[in-house]
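# from the sequence below, what's the structure:
(one chain, ligands or ions: 2)
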Amino acid sequence: MQVQLINRKIREHSIERIKSKREAKKDKKPLDFYAASWANEDRLYDCVGYTIFIVLPTSGCQWAKDSGGCTMCSYIADSPLVDIGCDDLIRIFDDQWDKQLSKTDFGGHESVAVKLFVSGSFLNENEVPLKVQEHIFNKFNKYDNIKEVIVESKPEYINSNSLKHLASLIPDKILELGIGLETSNEQTRLNKINKGITNKSFEDCVKTINDITEYDVRAKAYLLVKPILLSERDAIAESIESARYAKKVGVKRIAYCPATVHAGTLMDNLWKKGSYNPPWIWSCVEIIKEVRRNVDIPMIMDTAGFGTRRGPFNCKKCNSKLKNLIIESNLKQEITPELEEFSCECKDKWLADLEFSDILNTTTNPKN
Ligand code: SF4
Ligand SMILES: [Zn+2]
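Ligands and ions are numbered 1, 2, ... in the order given. This next block holds a predicted model:
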């Protein structure tokens, strides 16, 4: 009953937020304002390579517009919330693509991945029309050094025929579908994250992907480290268990996203009231060690936001050192000796937090 009440509050809060954003968007920023791209060294399936990231504006995540969206996500606030025609979307994509090709040594890299973010579901034709999807994939197919194309989608937009069609446009490349599983705990996912994905829908979707044999199509799971209303200890346990579950159901790679508090979200609301803190970086290290040792699956721990006021934190002495060690662990896909042995005086505070968070029944970190 209490959980249902929380869930209702989540929806009311989020829908109100979107309505007011929609009003505020009357300021009409140019669509290009919402696009972005960058590139850096990155871990691909088979080697260390190079990844180009492209963020495209869309009319906004359908799930957020219909249901209020996920409790940690502010993407809807970063979307233009207006209808965008195919020609505009194609022009914006081409601009970002040309920009990356001209400013990076694209041709000098043997193995390149492209990650497309649309702040929603790439496969939902209401968000990204088929004509635009096809234009983008046809463009990628011209480059032999692109080995992986990664897009994101909720399970309800993933079906065998449309996947096969898209994969046929890039027949020699890996097409990876990133799905926001967030956690294997269905109650957490439905009631604390408001994700709207059941375990069954996720499992069916992974099966649909794995049943495609003509092309190399793979499922990736995004896992959120420390959703709202979870203690530090429970957050670690759920994250580790989620990797086991993802591997068991046929996911080929996982990406952990440790929570950063984004403005305007329910997470932000709780954080401002002192009822939520992002995870410790020590918790992320613990997850890396457990998963690399005991779950045989390629895994990345995203370090965006580490050491910032709203992001995962330890102490000023070790935040950036650990961030660099985690990036190195991502590239090598191993627990490096430096990461294994790293220590800092703040570790005792983290251990105390784990020990007492159950007793204090808190999702924040006691400071002393
Ligand atoms: S996390 Fe994804 S599905 Fe959830 S609101 Fe954000 S964009 Fe939409
Ligand atoms: Zn420290």
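
# tell me how many other residues crowd K323.
21 (other Cβ atoms under 10 Å). Quick note: C-beta positions are derived from backbone N, CA and C, even for glycine.

# ok, and the closest non-adjacent residue to it?
Nearest residue to K323, sequence neighbours excluded (Cβ to Cβ, 6 or more residues apart in numbering): F306, at 4.4 Å.

# go on, G305?
Here the residue nearest G305, using Cβ to Cβ, 6+ apart, is G311, at 2.9 Å.

# give the contact list for E41.
Going by Cβ atoms under 8 Å, 6 or more residues apart in numbering, E41 touches 48-51, 331.

# stretch 225-236 close to ligand 1?
No - using Cβ under 6 Å from any ligand atom, stretch 225-236 stays clear of ligand 1, coming no nearer than 11.4 Å.

# what segments of the chain are helices?
Taking DSSP state H as the criterion, the chain carries its helices at 2-24, 62-67, 86-103, 130-140, 160-169, 186-187, 199-210, 232-249, 266-272, 281-294, 319-332, 337-341, 347-360.

# for ligand 2, what is the nearest residue in the stretch 1-150 of the chain?
In the stretch 1-150 of the chain, the residue that lies nearest ligand 2 is M72 (24.6 Å; Cβ to the ion).

# how many neighbours does that residue have?
25.

# could you do V151 as well?
21.

# F122 is in contact with that one, correct?
Yes - the criterion here is Cβ atoms under 8 Å, and V151 meets it with F122 at 3.9 Å.

# can you tell me which residues in this structure are near ligand 2?
The chain has residues 314-315, 317-318, 344, 346 near ligand 2, with proximity defined as Cβ under 5 Å from the ion.

# overlap in contacts, V151 and F122.
L116.

# rewinding a little: relative to ligand 1, which of the residues of the chain next to ligand 2 is nearest.
Nearest to ligand 1 among these is N314, at 25.9 Å by Cβ to the nearest ligand atom.

# measure the closest one to K347 for me?
For N314, the distance to K347 equals 8 Å [Cβ to Cβ, to the nearest Å].

# so what sits against both of those two?
Common neighbours of N314 and K347 (Cβ under 8 Å, 6+ apart) are W282.

# which of these two has more residues huddled nearby?
N314 (24 against 16).

# OK, contacts around the more buried one?
N314 touches 280-282, 307, 322, 344, 346, 350, counting by Cβ under 8 Å, 6+ apart.

# what about stretch 215-222, near ligand 1?
No - contact of stretch 215-222 with ligand 1 (Cβ under 6 Å from any ligand atom) is absent, the minimum separation being 8.5 Å.

# one step back: which of the contacts of E41 lies closest to ligand 1?
T51 (19.9 Å).

# please work out which residue of the stretch 101-250 of the chain is closest to ligand 1.
Proximity of the stretch 101-250 of the chain to ligand 1 (Cβ to the nearest ligand atom) peaks at G120, 4.7 Å away.

# ok, and the closest non-adjacent residue to that residue?
C61 (3.3 Å).

# surely L325 touches T336?
Yes - between L325 and T336 there is a contact at 6.6 Å, judged by Cβ under 8 Å.

# which one of the two is surrounded by more residues?
Neighbour totals were compared for L325 and T336, and L325 leads with 21 against 14 (other Cβ under 10 Å).

# residues in contact with that one?
Contacts of L325 by Cβ under 8 Å, 6+ apart are 336, 338-339, 342.

# of those, buried ones?
L339 (16 or more other Cβ atoms under 10 Å).
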